[in-house]
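[1] Sequence isn't available, so here's the structure alone:
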């Protein structure tokens, strides 16, 4: 299980401020801190970016690539911004991402072929509704793969995101179980080692307390690792969570063990 | 997942001393501390007890039952001690346990019928060797169940212990994965909701460091809960481990969730 930093987000006031003033300083300071924790990649969550989307995305890509050559996930629902990001890329990129939403199928999915990039596929209905259970998610996976291949994107380039829901949702506790089941069974269902990605931070949305949120995230990331998750998007600066993720990954995937390996 | 205290063990010097002097004080003090953490049951690990086994087992049963009416696991490989424990029982008991070892099949397994008790079945070869992988464990489960039914013990009364190995073993990391697979698939394989039990404390045998041991145990107990383990034997006085177990159990088995449920 590879860890991807989800720390760079437009929802953070200082990052929004940096964009407004095209000041790379705060972005680069944050990314440097993340890189020091040795993630596999950095998620660049710019949001839609409004009407200056191309300029905004170039700002982020230039700022981030100025301080790291790690792979970058370009995390936007705006096709123009996604394309600008891919064009500005020097690092390896992953497009994050597409869904069955017609606009995304038409404008974002083809970019994966154009830029020879992996692309995240969200298990959501065309109207962005969340599926009710694992079976509905399996149907969506098959449709996503069909659309990808029709667009000239090999199914091996699609990284499936089953969309970990907030536990605070009415059926959140049921959905987190269904997500584990999807991750565990997808490779068998599809007949090849399909890659999966999950955002851990969603789980604790609206948690009233940091300690409770941490222990829930630690337990769930162990379950995700055991189910075979390939990429975990998380707060890479949360040392307790990262340690749980690393230890879980050792238990789930390593062939050898010594106590000296425990981080 | 029910939590069972594994704290009462003959290997502890003060417990050995209490037995020698037939002084229930230290035993009762420890059990009271455990009961305050609200386990499902208490494992009474007396060891073989030597030639005064009946007297020794009665001492333990009387001492423990003097302070709790929780279910008790009678944890001994000595048939005479096991029988003495069952005879001295006022609380509900679980015999812990039998294996394919001929002596245990002949002398311990029949006690489950005689005393109408659940019994733990260890996935070990007749000579107590540990099986190499999940497939060998499945074969042993089938044999154990056959032996149980032949002895008049319904298969529903057998709680399977796949024997969690120390990670320090040469192939320990492989075996802990195989154990998860056994727990996950056993109900399907047998066609009924067979109960499983696992001893978490084994995992960290010879761990050089308490912190490393804790994070490993926390991650693994989340995986066990997610795999469907029914009974976790653990140090019930380790509040951090117990909290991870309780949170994992909520994530793995509950139908409803609110952040107020997180212990």
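    All right, it came through fine. Nothing here was measured: the structure is a model prediction, and the numbers come from that model. Residues are numbered from 1 along each chain as shown, chains lettered A, B, ... in the order given.
[2] Chain A against chain B: which residues are in contact?
    The interface of chain A toward chain B, taken as C-beta under 8 Å from any C-beta of the partner chain, is made up of A:167-168, A:172-174, A:176-177, A:180, A:206-209, A:212, A:215-216, A:218-220, A:222-223, A:225-227, A:243-244, A:247-248, A:250-252, A:254-257, A:259, A:262. Just so you know, the C-beta spots here come from the backbone N, C-alpha and C atoms, and that holds for glycine as well.
[3] And the buried ones among these, selectable in ChimeraX?
    Here is the ChimeraX command that picks out the buried ones among those, judged by 16 or more other C-beta atoms under 10 Å in any protein chain shown:
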select /A:167,168,172,173,174,176,177,180,207,212,215,216,218,219,220,222,223,225,226,227,243,244,247,248,250,251,252,257,262
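[4] Which of the residues of chain A next to chain B fall in helices?
    Those of those mapping onto helices are A:172-174, A:176-177, A:180, A:212, A:215-216, A:218-220, A:222-223, A:225-227, A:243-244, A:247-248, A:250-252, per DSSP state H.
[5] Closest residue of the stretch 51-200 of chain A to chain B?
    Nearest residue of the stretch 51-200 of chain A to chain B: residue A:173, at 3.7 Å (C-beta to the nearest C-beta).
[6] So that residue sits against residue B:254, correct?
    Yes - in this structure, residue A:173 is within contact of residue B:254 by C-beta atoms under 8 Å, at 5.5 Å.
[7] picking up where we left off before, and for the residue of the stretch 51-200 of chain A closest to chain B, nearest residue in space, chain neighbours not counted?
    Spatially, and ignoring its direct neighbours in sequence, residue A:173 is nearest to residue B:257 (3.7 Å; C-beta to C-beta, 6 or more residues apart in numbering or on different chains).
[8] Could you measure from the one you found over to residue B:90?
    According to C-beta to C-beta, to the nearest Å, residue B:257 and residue B:90 sit 38 Å apart.
[9] mind listing the helices in chain A by residue range?
    A:13-20, A:24-36, A:53-65, A:79-87, A:102-107, A:109-114, A:134-150, A:172-190, A:210-227, A:239-253.
[10] who's in contact with the closest residue to residue A:2 other than its chain neighbours?
    Spatial nearest neighbour of residue A:2, chain neighbours left out: residue A:40 (3.6 Å); criterion: C-beta to C-beta, 6+ apart. By C-beta atoms under 8 Å, 6 or more residues apart in numbering or on different chains, the residues touching residue A:40 are A:2, A:3, A:4, A:70, A:71, A:231.
[11] can those go into TSV with extra columns for distance to residue A:77, pLDDT and neighbour count?
    Shown next, in TSV, are these (distance: C-beta to C-beta, whole Å; pLDDT from 0 to 100; neighbours: other C-beta atoms under 10 Å in any protein chain shown):
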residue	distance to residue A:77	pLDDT	neighbour count
A:2	23	98	16
A:3	24	98	22
A:4	18	98	24
A:70	23	98	19
A:71	20	98	18
A:231	19	98	22
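[12] In JSON lines: these, plus distance to residue B:239.
    Converted to JSON lines, those look like this (distance: C-beta to C-beta, whole Å):
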{"residue": "A:2", "distance to residue B:239": "32"}
{"residue": "A:3", "distance to residue B:239": "28"}
{"residue": "A:4", "distance to residue B:239": "32"}
{"residue": "A:70", "distance to residue B:239": "38"}
{"residue": "A:71", "distance to residue B:239": "40"}
{"residue": "A:231", "distance to residue B:239": "33"}
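[13] Of those residues, which pair is most distant in space?
    With distances taken as C-beta to C-beta, the most widely separated pair in those is A:70 and A:231, at 13.1 Å.
[14] Give me the common contacts of the two.
    Residues touching both residue A:70 and residue A:231 (C-beta under 8 Å, 6+ apart): A:40, A:41.
[15] Can you pull up the most central residue in chain A?
    By C-alpha atoms, centre = their mean, chain A has its centre lying nearest to residue A:233, at 5.0 Å.
[16] Pairing partners for that residue in the sheet, please.
    Taking DSSP bridges, one obtains residue A:4, residue A:199 as the residues bridged to residue A:233.
[17] Contacts only, for it.
    Contacts of residue A:233 by C-beta under 8 Å, 6+ apart are A:4, A:5, A:6, A:43, A:73, A:197, A:198, A:199, A:200, A:201.
[18] any idea which of the residues you listed is closest to residue B:156?
    residue A:198 (36.6 Å).
[19] dump the residue contacts of the closest one.
    If you count contacts by C-beta under 8 Å, 6+ apart, residue A:198 has them with A:161, A:162, A:164, A:179, A:183, A:224, A:229, A:231, A:232, A:233.
[20] Now do the residue lying closest to residue A:245 once chain neighbours are set aside: how many residues are near it, please.
    Residue nearest to residue A:245 in three dimensions, not counting chain neighbours: residue A:221, with 4.9 Å by C-beta to C-beta, 6+ apart. The number of residues packed near residue A:221 is 28, by other C-beta atoms under 10 Å in any protein chain shown.
[21] isn't residue A:254 right up against residue A:248?
    No - with contact defined as C-beta under 8 Å, residue A:254 does not count as touching residue A:248 (10.8 Å).
[22] how close does the residue nearest to the centre of chain A sit to chain B?
    In this view, residue A:233 and chain B are 18 Å apart by C-beta to the nearest C-beta, to the nearest Å.
[23] pLDDT at that residue, what is it?
    At residue A:233, the model reports a pLDDT of 98.
[24] and what of residue A:50?
    pLDDT, residue A:50: 84.
[25] what's the neighbour count on it?
    Neighbours of residue A:50 using other C-beta under 10 Å come to 9.
[26] I'd like the distance between it and residue B:215.
    Distance of residue A:50 to residue B:215, computed by C-beta to C-beta: 43 Å.
[27] And for residue A:6?
    Going from residue A:6 to residue B:215 by C-beta to C-beta gives 22 Å.
[28] Then residue A:170?
    The spacing between residue A:170 and residue B:215, counted by C-beta to C-beta, is 33 Å.
[29] Kindly report the same for residue A:23.
    As judged by C-beta to C-beta, residue A:23 and residue B:215 stand 39 Å apart.
[30] and if you look at residue A:102?
    Separation of residue A:102 from residue B:215 (C-beta to C-beta): 45 Å.
[31] Could you do residue A:117 as well?
    Applying C-beta to C-beta to residue A:117 and residue B:215 gives a distance of 35 Å.
[32] And for residue A:144?
    To residue B:215, residue A:144 is 36 Å away according to C-beta to C-beta.
[33] I appreciate the help and will end here.
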